[in-house]
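Engineer: just the structure for this:
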Amino acid sequence: MTVDARKETRGFQTEAKQLLHLMIHSLYSNKEIFLRELVSNASDAADKLRFEAVSNGDLYEGDADLKIRIDFDKEAKTLTISDNGIGMSREEVVDNLGTIAKSGTAHFMQNLTGDQKKDAQLIGQFGVGFYSAFIVADRVVVTTRRAGSPASDGVRWECTGEAEFTVESVEKAARGTTVELHLKSDAEEFADHWRLRSIIKKYSDHIAIPVVMKKQNPVGEDGDKQEPEDEVINTATALWTRSRSDVTDEEYKEFYKHISHDFSEPLSWSHNRVEGKLDYTSLLFIPARAPFDLYNRDASRGLKLYVQRTFIMDDAEQFLPLYLRFIKGVVDSNDLSLNVSREILQKDPNIDAMRSALTKRVLDMLDKMAKNEPENYSKFWNEFGQVMKEGPAEDFANRDKVAKLLRFASTHTDKPEQDQSLDDYVARMKDGQEKVYYIAAENFNTAKNSPHLEVFRKKGIEVLLLSDRVDEWLMSHLYEFEGKQFQDVGKGELDLGKLDTDEEKQAQEKVAEQLKPLLERVKTVLDEAVSEVRITHRLTESPACVVVGAQDMGAQMRRILEAAGQKVPDAKPIFELNPEHPLVQKLEQEANEPRFADLTHILFDQANLAEGAQLQDPAVYVQRLNKLLLELSH
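Structural biologist: Prediction:
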């Protein structure tokens with residue numbers, strides 16, 4: 001509802017109101033986090049001003065001394081965080097402060113469990129830093145003006161953490177943003193010099209611009225109080241520019257939280273200085289938790305890019321391939337021009353060299369973690385494993401490195417946990433085994449219980465059990481490992497090579513010849529439903545199975561594409577019968593053609609069900625099965 005032309009009252013979206021209420025009343029046992037978030041936002045505003053001022057120095061408005069100021073008033077119970085950074089226009093205020101998140105709010109709300117500890121961790125993944133102010137404040141007033149705009153374009157945003165907020169135009173002489181918190185009665189501890197100072201040193205010492213406070217109660221020689229002077233309370237040096245030996249683990253962890261807005265600590269990091277043909281510094285972090293938009297390949301991603309200590313952009317996606325989009329960090333180069341833009345960045349030959357080096361550095365970090373910290377690597381895989389499986393298709397140069405990092409479930413453990421590496425598999429291969437065998441299915445249990453595994457279990461041959469949606473696509477780009485080709489056990493003819501004896505092969509050929517009449521009868525019954533009917537040697541317990549043609553798309557991939565509305569090429573399965581099974585032997589002896597047809601259809605439908613497929617006509621299958629059961633009961 002508009003009050004006048006200069007001031008208006010607006011409401012939060014319904015989901016945003018729920019989330020805001022949850023944050024204020026339920027989350028955060030560690031209240032002091034709010035100050036870290038607000039200081040980080042102020043630091044980002046200074047970075048953005050530096051970048052824009054490279055091409056327009058007038059934005060500094062005669063004041064290039066960037067800083068963040070912390071003030072408090074014990075009597076008024078207020079705390080103020082001010083910066084002289086880029087500031088915001090009225091439209092930016094409404095966009096940035098009127099909406100808790102541009103996307104993903106509904107998904108976030110669906111994942112809440114009611115467990116405060118778990119939900120607080122979800123908040124950290126979601127990233128809603130500014131709103132943490134309402135943990136300690138019952139009223140927040142933001143006054144801002146964008147650099148380069150007139151003083152009359154100042155904007156004041158005010159909210160009590162309820163359903164509405166107000167926005168009005170005000171005069172603001174200085175550019176930048178001031179956030180004034182009116183502290184709750186249980187948060188008055190934050191209107192204290194030493195408390196604030198300790199929080200800044202703990203969480204924000206790495207901020208690259210000065211964080212300034214007034215000295216506490218300075219006293220002159222005559223004992224009278226003097227006008228307080230400013231003092232800088234942080235190191236005010238970009239952390240990545242410091243020597244690794246001068247940076248503590250705690251400082252690295254806090255810097256990660258600053259750039260990622262993640263409330264969890266990182267699993268690992270790598271701080272590296274490169275000198276020579278290229279001159280740059282990188283600081284890369286592997287998060288402990290996946291963000292909500294991890295599987296959105298179009299979401300913003302990338303490293304913070306600085307050129308000669310000057311901020312260029314937040315999400316420089318050109319430095320790492322898409323499958324490593326979860327990596328957070330900073331890259332600061334002396335080899336890129338200061339007026340670099342997104343278009344120029346894509347064409348700069350130095351970018352390709354840096355991308356290659358940074359990609360290998362990340363893969364080396366992960367390899368080191370897998371070897372030396374298996375528990376941490378297991379956590380990493382549980383969060384980011386499906387994204388890593390995109391790697392072999394996207395990064396041909398590093399396909400072997402990525403393959404070593406992949407983890408799978410397998411018949412070695414028969415557990416759903418993906419904890420078996422390809423190195424582990426190859427080390428356990430049977431004498432004479434020439435291929436890495438795998439099966440892809442809709443879910444783990446379907447894969448584990450597939451009839452296709454029967455001969456492998458009998459011979460003690462390990463098979464990888466693949467059930468992630470990305471798995472079949474992955475295997476279409478992963479052809480071999482350590483010289484061993486991959487073989488889908490549900491596709492094409494099964495050839496165990498040296499794992500089958502000559503006697504076994506001869507016996508198989510003899511049986512296939514003897515049962516030719518049966519195979520022809522079955523093919524006649526199934527008609528256009530199958531491309532071929534043949535004797536199988538992959539079954540030991542089941543009577544029949546369906547097999548995909550060697551060059552055809554797998555069943556898992558077909559289902560995914562069909563669910564997405566994609567047109568899938570027609571392909572008929574191959575129907576294989578187990579000559580040793582009593583049901584197949586009974587089928588061969590059945591002279592009654594209608595009964596033969598019913599039994600054939602039942603075996604075919606059961607084979608499809610065992611693969612997790614949907615039957616074309618379940619009702620007809622049930623009728624045939626009931627008819628057979630009635631005959632057996634008489």
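Engineer: which residues of the stretch 201-350 of the chain fall in helices?
Structural biologist: Secondary structure of the stretch 201-350 of the chain (DSSP state H, counting those that start in this stretch): helices at 249-260, 342-347, 349-372.
Engineer: most neighbours per residue, which of these?
Structural biologist: Ranked by mean neighbour count, the helices of the stretch 201-350 of the chain are led by helix 249-260 with a mean of 19 (mean count of other CB atoms under 10 Å). To be clear about C-beta, it is placed using only N, CA and C from the backbone, and glycine gets the same treatment.
Engineer: can I get that helix in CSV? Just the C-alpha atoms.
Structural biologist: Coordinates of each C-alpha in helix 249-260 appear next as CSV, following Å, rounded to 0.1, in the frame of the first residue of the first chain:
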residue,chain,number,x,y,z
ASP,A,249,43.7,-22.8,10.2
GLU,A,250,41.1,-20.7,12.0
GLU,A,251,41.7,-17.8,9.7
TYR,A,252,41.4,-20.0,6.6
LYS,A,253,38.1,-21.4,7.9
GLU,A,254,36.7,-17.9,8.7
PHE,A,255,37.8,-16.6,5.3
TYR,A,256,36.0,-19.5,3.7
LYS,A,257,32.8,-18.6,5.5
HIS,A,258,33.2,-15.0,4.4
ILE,A,259,33.4,-15.7,0.7
SER,A,260,31.0,-18.6,0.6
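Engineer: quick one: residues in contact with it.
Structural biologist: With CB atoms under 8 Å, 6 or more residues apart in numbering as the test, helix 249-260 has contacts from 36, 40, 43, 202-207, 239, 262-263, 265-266, 269, 271, 283, 285, 287, 304, 328-330.
Engineer: other SSEs contacting the helix or strand containing Ser82?
Structural biologist: Counting by DSSP states H and E, the element that carries Ser82 is strand 78-83. Applying 3 or more CB pairs under 8 Å, 6 or more residues apart in numbering; DSSP states H and E, we find strand 78-83 packed against helix 33-55, strand 68-73, strand 176-183.
Engineer: tabulate the ones you listed (TSV), appending mean pLDDT and distance to Lys371.
Structural biologist: Below are the helices and strands packed on strand 78-83 laid out as TSV (pLDDT from 0 to 100; distance: least, CB to CB, whole Å):
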stretch	mean pLDDT	distance to Lys371
helix 33-55	88	34
strand 68-73	96	42
strand 176-183	97	46
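Engineer: mind putting the ones you listed into CSV with distance to Lys7 and mean neighbour count?
Structural biologist: Below are the helices and strands packed on strand 78-83 laid out as CSV (distance: least, CB to CB, whole Å; neighbours: other CB atoms under 10 Å):
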stretch, distance to Lys7, mean neighbour count
helix 33-55, 24, 21
strand 68-73, 25, 20
strand 176-183, 17, 22
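Engineer: for the ones you listed, which one sits closest to Thr144?
Structural biologist: Checking those against Thr144 by CB to CB gives strand 176-183 as the closest, at 4.1 Å.
Engineer: tell me what the closest one is packed against?
Structural biologist: helix 33-55, strand 78-83, strand 137-145.
Engineer: ranking helices and strands of this structure by mean pLDDT, which lands last?
Structural biologist: Every helix and strand of the chain was ranked by mean pLDDT, DSSP states H and E. The lowest is helix 116-126, at a mean of 50.
Engineer: how is the chain partitioned into domains?
Structural biologist: The record's domain parsing of the chain by automatic domain parsing lists 7-236, 241-377, 502-550+567-633.
Engineer: can you pull the contacts of Val232?
Structural biologist: Per CB under 8 Å, 6+ apart, neighbours of Val232: 210-212.
Engineer: nearest to Asp419, out of the domains of the chain?
Structural biologist: domain 241-377 (8.7 Å).
Engineer: give me phi/psi at the residue nearest to Ser450 when sequence neighbours are not counted?
Structural biologist: With sequence-adjacent residues excluded and distances taken as CB to CB, 6 or more residues apart in numbering, Ser450 is closest to Ile439, at 5.6 Å. Main-chain dihedrals, Ile439, degrees, to the nearest 10: phi -140, psi 140.
Engineer: okay, now Ile439: neighbour count?
Structural biologist: Here the count is done by other CB atoms under 10 Å, and Ile439 has 26 residues near it.
Engineer: thinking it is in contact with Lys491, fair?
Structural biologist: No: applying CB atoms under 8 Å as the test, Ile439 and Lys491 come out as separate, 9.4 Å apart.
Engineer: need the mean per-residue confidence for the strand holding Ser82.
Structural biologist: The average pLDDT for strand 78-83 rounds to 97.
Engineer: can you check stretch 508-519 too?
Structural biologist: So the average pLDDT for stretch 508-519 ends up being 86.
Engineer: for that stretch, output the C-alpha coordinates as CSV.
Structural biologist: Output in CSV follows, covering the C-alpha atoms of stretch 508-519 (Å, rounded to 0.1, in the frame of the first residue of the first chain):
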residue,chain,number,x,y,z
GLN,A,508,26.7,-73.7,-24.2
GLU,A,509,26.9,-74.0,-28.0
LYS,A,510,25.5,-77.5,-27.9
VAL,A,511,22.5,-76.5,-25.7
ALA,A,512,21.7,-73.5,-27.9
GLU,A,513,21.6,-75.8,-31.0
GLN,A,514,19.3,-78.4,-29.2
LEU,A,515,16.8,-75.7,-28.1
LYS,A,516,16.4,-73.9,-31.5
PRO,A,517,12.8,-75.2,-31.9
LEU,A,518,11.8,-73.8,-28.5
LEU,A,519,13.4,-70.4,-29.2
